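Trainee: what's the 3D shape of this:
(chains A, B and C)
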Amino acid sequence: MDSELLDVQPLRTLAPMFPSSSVVETFSVPGGGPFIYVRPSGPNFLSPALPPPFPSFPTTPQQAPSIDNHHEPVAMSGHASASGRQVKGRMRVSGHKIGTSGTDTSSAGSSKVKQSRKQLQQRTRTHGIGPALVPSCQDPRESAEIVLMAFDALRRWLLQQEEAKEGKDGNRRPDLKAGNVLMTNGLRANMGKRMGPAPGVEIGDIFYFRIELCLVGLHAPTMGGIDYMTSRFGDGDDTVAVSVVSAGVYENEEGDADVLIYSGQGGNSYVDQKLEKGNLALERSLHRGVYVRVVRSAKDCSCPTGKIYIYDGLYKVEESWVVKGKTGYNVFKYKLLRKPEQPDGIATWKKIQKWKDNPGARGRIILPDLSSGIENLPVFLVNEVDDEKGPSHFEYVTKVKYPRPLSSHKPLECCRCPTACLPGDADCACVHANGGNLPYSSGGILVSRKPLIYECGASCSCSTNCRNRLTQKGTAIRFEVFKTTNKGWGLRSLDPIRAGTFICEYTGEIVEEVGLGNDDAEEDHYIFQAAGADDKALKWNYGPELLGEPSVDNSSESFGSLALRISAKKMGNVSRFMNHGCSPNVLWQRVLHDHSDEGYPHVMFFAIKHIPPMTELTYDYGLSGGDRSHMEKQCLCGSPKCRGRFG
DNA sequence: GAGGCATCAGCGTA
DNA sequence: CTACGCTGATGCCT
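Mentor: Next comes the predicted model:
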């Protein structure tokens, strides 16, 4: 059952997962930049003398994203690079609405800045926002990522609070509440509108809430589908569209991934749409030939809204016309054409859909199911890089193998909930064991990282549908083990993965602590060793702090090392193919569910952030101790924050 | 019982 | 200040 031998005979041995022959990566300080305390309500909060609160963006001319980075100029070439525009753009781009120096106020945007400061002061006072603990950073990608992580941490926390309440009064929209808190604290990326790409946001990035698009500067309106701004052109100012969100509600179906037919805004079943606001802006964009950011949506049953937003890059408005809607009133239509030679965005989704419908359509498949039917869903094994026919063989198991029976001197807490455990239930023993709340939200999302999670077990009276039985049910993700270009085999998903989603367990056999310098240990590249939690995993919990609430326990000690080593050399599951990353998208979490021995918790992986399909999954292998330096390997993760080595 | 429709609070921006 | 919108959650209706 668990143990079925994989019958892949590799042509050669497993390619080194961590080759040592390549360029030395630059070192960066482990743990990233310094932390800055921002005291929103203190007298110095708005003082320019303080270091700017996060995110702090590059402001040097060569680093500052230029406003005219969106063309390929067309007929009006050179229009958008008027110097006045650039200066204004950079001022806005600099990002610190709150902390910027006085020089900014001499520019055209001064009154706006002052106004928002005033608003901020008022709002923060009423909200009583406490110190925000945020790092400063230079990399726009990382800035956007931290903003989104902070948003989701706060959102999850608010949702948890909400779900624990008996009455359903209060804020039913934790997404808006969390977004508002971040906005008023200036915790956002790419503040100020711009044309062209949003630095730090890449094509294919996915979002689960409209407010997330606002936070990273992709699309400002919280509801509206068309965002626009007045920009200077060679022959004067003009108001052009900067981004559109295609939510699919107007049924813009179109087979071609490079074409988007977009309906205008306004009007309804009884009123014509007018050529104003967004509609007018799209019309002006057509005439100016400027690029417009496009966010498309895809159906996804795994999230409550059933919809995911995908950034699909730049498009140009090619054509516009008017049609009569169902009830006979005018609707504007715009044909947008995708800028050539951009990485795949929505096209990847369409490809994957084909593969799911017909696995035969997926080329270069070595095995249609690496797990031989043991996993809930088949695991593709593919190689699109070279001729290697697969990893060296191993036994595919979905459970951990223990060397000896575990001590169960202390029975695992068990609850007597009739059907399902509820977060606010003070009588639920499992709620109690987890520190007063359930670790997962109703949607099956990890709320915050904990030293140890107690899921409901066999002795609990609740049903298998209880939300506190998540990881024990196994993975629900369509995986693909694939050959990377330089790191041996890797793991990725065909499905989009929302932040906090359970990914899989690290299975294998428990190996007892071996003596240092043991040769066997050096050979085993498939050891999971619980080193201290990495920087990003620790930051994952920051949510309550943004509201001035006491933080959850984030000390490294409680997440620290564990005398637990799991080897997946001979047996394991997909997680044995997960490579190390210094900017990982996966974290691990200890979980107990089938026994009570805290020395041997299950190691469960969860998504740190939203992970688009076909993105390699990585977690931080951790820093090995100095005495294990011989086990360190050169890192090829390619992250700007790469530490260079890991152990 | 799934899915369509109406309703409503809520947000940043013009 | 107010109005607007390709939200998102909920409840009621087929």
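
Trainee: Keeping just the C-alphas, turn stretch A:164-184 into CSV.
Mentor: Taking C-alpha atoms only, stretch A:164-184 is exported to CSV below (Å, rounded to 0.1, in the frame of the first residue of the first chain):
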residue,chain,number,x,y,z
ALA,A,164,-14.4,32.7,16.7
LYS,A,165,-17.1,35.2,17.5
GLU,A,166,-20.6,33.8,18.2
GLY,A,167,-22.6,36.5,16.7
LYS,A,168,-21.9,37.3,13.1
ASP,A,169,-22.0,41.1,13.6
GLY,A,170,-18.9,43.0,12.9
ASN,A,171,-16.7,43.2,9.9
ARG,A,172,-17.6,40.6,7.4
ARG,A,173,-14.8,41.7,5.1
PRO,A,174,-11.4,40.9,6.7
ASP,A,175,-9.8,41.5,3.3
LEU,A,176,-11.0,45.1,3.2
LYS,A,177,-10.2,45.7,6.8
ALA,A,178,-6.7,44.4,6.4
GLY,A,179,-6.2,46.3,3.2
ASN,A,180,-7.3,49.5,4.9
VAL,A,181,-4.8,49.0,7.7
LEU,A,182,-2.0,48.5,5.3
MET,A,183,-3.0,51.4,3.1
THR,A,184,-3.3,53.8,6.0
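
Trainee: List the buried residues for that stretch?
Mentor: Buried residues in stretch A:164-184, defined by neighbour count with 16 or more other Cβ atoms under 10 Å: A:Pro174, A:Asp175, A:Leu176, A:Lys177, A:Ala178, A:Gly179, A:Asn180, A:Val181, A:Leu182, A:Met183, A:Thr184. Backbone N, C-alpha and C define where each C-beta goes, glycine included.

Trainee: In a strand, the fifth one, correct?
Mentor: Right, A:Ala178. No - looking at A:Ala178 with DSSP: H, G, I helix; E, B strand; the rest coil, it is helix, so not inside a strand.

Trainee: Just confirm it contacts A:Glu162, I think it does.
Mentor: No - contact status for A:Ala178 versus A:Glu162: not in contact, 11.4 Å apart, counting by Cβ atoms under 8 Å.

Trainee: follow-up on the earlier one: closest to A:Cys428 out of the buried residues of stretch A:164-184?
Mentor: A:Pro174 (22.4 Å; Cβ to Cβ).

Trainee: Quick check: the closest one vs A:Asn437, distance?
Mentor: 15 Å (Cβ to Cβ, to the nearest Å).

Trainee: Over to A:Gly543?
Mentor: For A:Gly543, the distance to A:Asn437 - Cβ to Cβ - is 13 Å.

Trainee: So which of those two has more stuff around it?
Mentor: A:Gly543 (27 against 17; other Cβ atoms under 10 Å).

Trainee: Now do that one against DNA strand C, distance only.
Mentor: From A:Gly543 across to DNA strand C, the span is 16 Å (Cβ to the nearest atom of the strand, to the nearest Å).

Trainee: Tell me the spatial nearest neighbour of A:Asp238, not counting adjacent residues.
Mentor: A:Arg284 (5.3 Å; Cβ to Cβ, 6 or more residues apart in numbering).

Trainee: Give me the distance from the longest helix along chain A to the chain's centre.
Mentor: The longest helix of chain A (DSSP state H) is helix A:140-164. Averaging C-alpha positions (Cα atoms, centre = their mean, to the nearest Å) puts helix A:140-164 10 Å from its chain's average.
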